[in-house]
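Enquirer: Here's a sequence, model it:
(chains A, B and C)
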Amino acid sequence: MSGEALFFLEVVISGLMAGVMYALVALGFVLIFKASGVLNFAQGVLALFAALALYDFIAPGGWVDDLFGFTFPIWAGIILTVGVMIIVAWLIERLVLQHLVQQEPIILFMSTIGLAYILEGVGDMLFGSDVKPLDIGIPQGASDWLLDNYGLYVEKLEVFAALTAAILVIVLAVFFQKTRIGRALRAVADDHQAALSVGVSLRTIWVIVWSVAGMVALVAGIMWGSKSGIQFSLSLIALKALPVLILGGFTSVPGAIIGGLIIGVGEKVAEVYLGPYVGGAIENWFAYVLALVFLFFRPQGLFGERIIERV
Amino acid sequence: MFYREAGQFKDSYESDQAIFPVAQDRWFVFGVVIAAFALVPFFIGDYWTNAVLLPLLAYSLAALGLNILTGYCGQVSLGTGGFLAVGAYTTFKLVTAFPELNFILVVLFSGATTAAVGVVFGLPSLRIKGFYLAVATLAAQFFLVWMFNKVEWFFNYSPTGQITMPPVELFGVLITGPRAPSAAKYLFCLGVVAVAAYAAKNIVRSRIGRAWMAIRDMDIAAELIGIRPLMTKLSAFAVSSFYIGMAGSLYFGVWLGSAEPIEAFGIEQSFLVLFMIIVGGLGSILGSFLGAAFMVLLPIVLKNFMVDGLSMAVVTAKHVEIMSLGMLIVFFLIVEPHGLARLWQIAKEKLRLWPFPH
Amino acid sequence: MLKRIAGIFSGVLVSTLLFVSTAGAYELVMPSMDYRTGPYAPNGIPFANGYHDYLVMLNERDGGINGVKINLVPCETAYNTKQGVECYEKVKGEGDGALIIQPLSTGITYQLIPKAPVDEIPVHSMGYGRTSAANGKVFKWIFNFPATYWDQAAVALKYIGDREGGLDKLNGKKIALVYHNSAYGKEPIRTLEAGAEKFGYEFMQLPVDHPGQEQKSTWLQIRREKPDWVLMWGWGVMNQVAIKEAASIRYPMDHFMGVWWSGSENDVLPAGEDADGYLSGAFHAPGDDFPAHDDIKKYVYDAGKTAPGAERERIGEVLYNRGLIAAVYASEAIRNAMDIHGTKEVNGAMVRDGLEAMDLTEARLTELGLPGFTIPVKVTCANHAGPRKVAIQQWDAKAKEWNFVSDFYDTMHDIVDPLIEEDSAGFAEENGITPRDC
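Expert: Residues are numbered from 1 along each chain as shown, chains lettered A, B, ... in the order given. As a prediction, this is how the structure comes out:
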């Protein structure tokens, strides 16, 4: 392949990979929106919180190390963090959502902003605001094999993230389609009232959904944390997930992935090929404009549920 | 007992349509406005002006604008930061190009420019609804800020892109810059905000305001009874952006005095103003003020209480402040999802019946 | 060790009790604009600790400055301009009035530039803020010694010239600037453009938006264009990601150079071994093997008077030392003010005179327990930027330490001075300032 074509391929691959990273965050949004109609603004902070908790279980110098003088192995740390996220989900349901059943979407949205503030304050106070390098053995850096043999630059961490995302989506799909809880979840997503009337406990479902979203946040937190160290900025990645969410539709798991890929490729290609002519840093608004263009043709996002309007 | 309407008869259409039909409301609002104009300026120093009152007034105006769009017309917007920037940059370009121009005109022009920009970015609202519409306004947000950061003409080719407000006089009194007396800055902003609030209160009761509310409540139904969605939605965008543009002018010109686009007009501002109207009350003029007061004053009160009152370390105080702000938001939403304005109404109901609630 | 729990609780209860004032006695009010929260906290914390520790050490060891106690007033800005304004308004009237403000943020500095002459409180934006404030004739109340961003850009070119074998070798080379897309990041552009004209290199600009977690496209462009040198004006998470990305695309680290705000341990540690050889500007030494640091350990850390959460192991980090040198400059300015005006009860205007009379020689640095820590600083009425000299340091990933790889270079006066003159003249004209005679 010629140099230019190879470079274009690199840009596209990097875009796809970045898209997967965005999609990991967007997935958490989708799960919660699907089951409870809440646009969860706290998803970014949740990712930060999960990564911080994980760090403190496994890293020397973390809480556990400080208190007890030992650290957990990585697998145990991940399980414990999942436990923490389940507790967080339970608390959120008990203290917040339970009291806001049947409210308008924008009110629920606002309550998640309150949650984001709370988690941010608690996280900062418990874990401190320093950068914490997270190393759980995920390969990083360029793939030497591809770079040496084909001159193609692909980031290993991102390939790993893409594979993880794929596994995650498969697991989620199986969970939704094949398990009892999954069916209950889909029932709730379809129609709250009907689900309630056949005996599905809305509150349990919400705890489960928030726990699952917490786990997805953990995965996102691990990937982004490995990339840049765990720090407050991690919570801002929620903003990168917004165009993905809108493009893919708020209610579709595959939408989040495909939306992520489109946004990722679109913004990278635009930045690299268009950016230099207009002064650069166009990625951010380009993602939204791209999403906007799609919306003109499909106002509910690519895979969103069709909006049926009745008087 | 303290809030009794008994005995207040309306004997003309005018009195029936008064903004404050109840005498107590009328006197209360008059009292607050008069106090704000005639008493407050004598008691404020630099801290009160620059840290509390000016941001409060600028954000109230912005919240008022967004409330017209989101609260009355039902169109969610996350472009407030970008529209604030349009107002601010119009002000900056005007005062640097025409230093003699009356500053009131500058503020109005800033509003007008922003209204035009708002209409353009409001066009997608005809096709896209709900949270999806937020994307169109987010595109505006990011694009506008990017543009003000990149195109050198906007910041008069300064090497860093920072814009700084020159000192401006109104009727012989300085009202911008650090040498301007606190009271002058405050009174100017208060004047603009008071007139704007009065106008808004009337607009939302007028034909066009009722059309907005019809679109908000159910746009298809509104269309069927003969309301043109195009004109209605775009007029909401225009009026709303006009207010936000004026807010941007005060925000940059009078309050901050210098700004750089990404920080001063970033997405955080859009969210902040949206929070204000949700906490304050969607579709309520009073709510815009209460919400702005909540989001501006609360962090300062919490901080000063913890640092000066409890002698906490500033960093711990900051963490507790963020946490408490979150808890209070959640608390108020649980107590009253329709915002502080609704709480105020409930309080009035209670006062009407007190001390015999049954 | 329960140091972290202890840290949190001591934060709640104890720390400010250290500064409880005894009513009536005159104290030196020195505000500290910290940012220990928010996206830039990892950089703000060590700086704030350095500033805090040095001044507390003076209080404990010498009873303050010339026997007058220092009242250190911390205020949390979260690196946010609006919170900074609130902080400034709050601290300026504290006690007998703030003596010197170090805003620690370009945005806040711009806010304070017009306010300083009105409130008569000098602003020391040490190595940040508005570069043309170097012209003391126009900016009477603003100081930015020991160097400005434009000097850093010029010194970067000089260093590149040395490595390439002469400044004339820059001709035809390609230099890229990766910058934080804000007023701060844009600072060096003018200088580098002027340099491009003079030396004939090709200049490439690559902005990165706040906060800068995702820089793939930036580094892909660098991979394609293969610039000979990459300069970086970054802050916060942007630095860490950039260094990692550079390592990923195998960009040679010893051709990648950051400004002094992009060269701390925080920035290079997450990249591990890959960051080895990364360069950055510096105007003071790294490390904690100076007598002043020993005093800090003895009087502050052993006595348990640290800022909440401060750790002994982190004394001597680059940003810690930067906070420390900022405190040294501030306290020396106050000492000067006391000498000049023959009083121990100084005010902001006197401290301004003290800053302008700053003459921090090597002998004085040695007295302060910082021999060879930085270059001597002499400020004059016309020159508020002092020596305007910058050295280059390099990261040694194995030893995990920074080492100087160059002497202090002087700036390129022929390029930078006219730019300062032009920008400050513009400011004077806009604001109706008649430059002072000096």
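Enquirer: tell me the contacts of the closest residue to chain C within the stretch 1-150 of chain A?
Expert: Going by Cβ to the nearest Cβ, chain C is nearest to residue A:129 of the stretch 1-150 of chain A, at 3.6 Å. Just so you know, the C-beta spots here come from the backbone N, C-alpha and C atoms, and that holds for glycine as well. Going by Cβ atoms under 8 Å, 6 or more residues apart in numbering or on different chains, residue A:129 touches A:231-232, C:36-38, C:41-42, C:45.
Enquirer: any idea how far residue A:43 is from it?
Expert: Separation of residue A:129 from residue A:43 (Cβ to Cβ, to the nearest Å): 20 Å.
Enquirer: Show me the shaky parts of the stretch 1-150 of chain C.
Expert: Judged by pLDDT under 70, the stretch 1-150 of chain C has its weakly predicted residues at C:1-24.
Enquirer: on that earlier part again, how about the residue of the stretch 1-150 of chain A closest to chain C, phi and psi?
Expert: phi -100, psi 10 (degrees, to the nearest 10).
Enquirer: follow-up on the earlier one: and which of the contacts of residue A:129 is nearest residue A:276?
Expert: residue A:231 (30.1 Å; Cβ to Cβ).
Enquirer: which residues sit against whichever strand or helix holds residue C:111?
Expert: Taking DSSP states H and E as the criterion, the element that holds residue C:111 is helix C:106-119. The contact list for helix C:106-119 (Cβ under 8 Å, 6+ apart) reads B:46, B:160, B:162, B:164, B:177-179, B:256-258, B:260, B:263-264, C:33, C:77, C:81, C:84-85, C:88, C:92, C:101, C:103, C:122-123, C:125, C:128-130, C:133, C:139-142, C:182-184, C:187, C:348, C:431.
Enquirer: Identify each buried residue in that helix, please.
Expert: C:106-117, C:119 (16 or more other Cβ atoms under 10 Å in any protein chain shown).
Enquirer: Stretch A:203-223 too?
Expert: A:205-223.
Enquirer: Would you mind listing what in the stretch 101-250 of chain C touches chain B?
Expert: Residues of the stretch 101-250 of chain C found near chain B (Cβ under 8 Å from any Cβ of the partner chain) are C:106-107, C:110-111, C:113-115, C:118-119, C:130-131, C:181-184, C:186-187, C:189-190, C:209-210.
Enquirer: any chance you could map the strands in chain B?
Expert: B:163-164, B:169-170, B:173-174, B:258-259 (DSSP state E).
Enquirer: mind giving me CSV with those strands and columns for mean neighbour count and mean pLDDT?
Expert: Below are those laid out as CSV (neighbours: other Cβ atoms under 10 Å in any protein chain shown; pLDDT from 0 to 100):
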stretch, mean neighbour count, mean pLDDT
strand B:163-164, 24, 88
strand B:169-170, 16, 86
strand B:173-174, 14, 86
strand B:258-259, 26, 88
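Enquirer: Could I get those in CSV, plus columns for distance to residue A:277?
Expert: Shown next, in CSV, are these (distance: least, Cβ to Cβ, whole Å):
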stretch, distance to residue A:277
strand B:163-164, 25
strand B:169-170, 43
strand B:173-174, 44
strand B:258-259, 27
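Enquirer: Out of those, which is closest to residue A:155?
Expert: Closest among these, once you apply Cβ to Cβ, is strand B:258-259, at 36.7 Å.
Enquirer: so what does the closest one touch, helix or strand wise?
Expert: strand B:163-164, helix C:106-119 (3 or more Cβ pairs under 8 Å, 6 or more residues apart in numbering or on different chains; DSSP states H and E).
Enquirer: Which one of those lies nearest to residue A:25?
Expert: helix C:106-119 (28.1 Å).
Enquirer: So what touches the helix or strand where residue C:351 lies?
Expert: Using DSSP H and E, residue C:351 sits in helix C:348-356. For helix C:348-356, the external contacting residues (Cβ under 8 Å, 6+ apart) are C:97-100, C:119-122, C:124, C:136, C:140-141, C:143, C:329, C:332-341, C:343, C:346, C:379-381, C:384.
Enquirer: Would you list the buried entries among the residues you listed?
Expert: Buried among the contacts of helix C:348-356 (16+ other Cβ under 10 Å): C:98-100, C:119-122, C:124, C:136, C:140-141, C:143, C:329, C:332-338, C:341, C:346, C:379, C:384.
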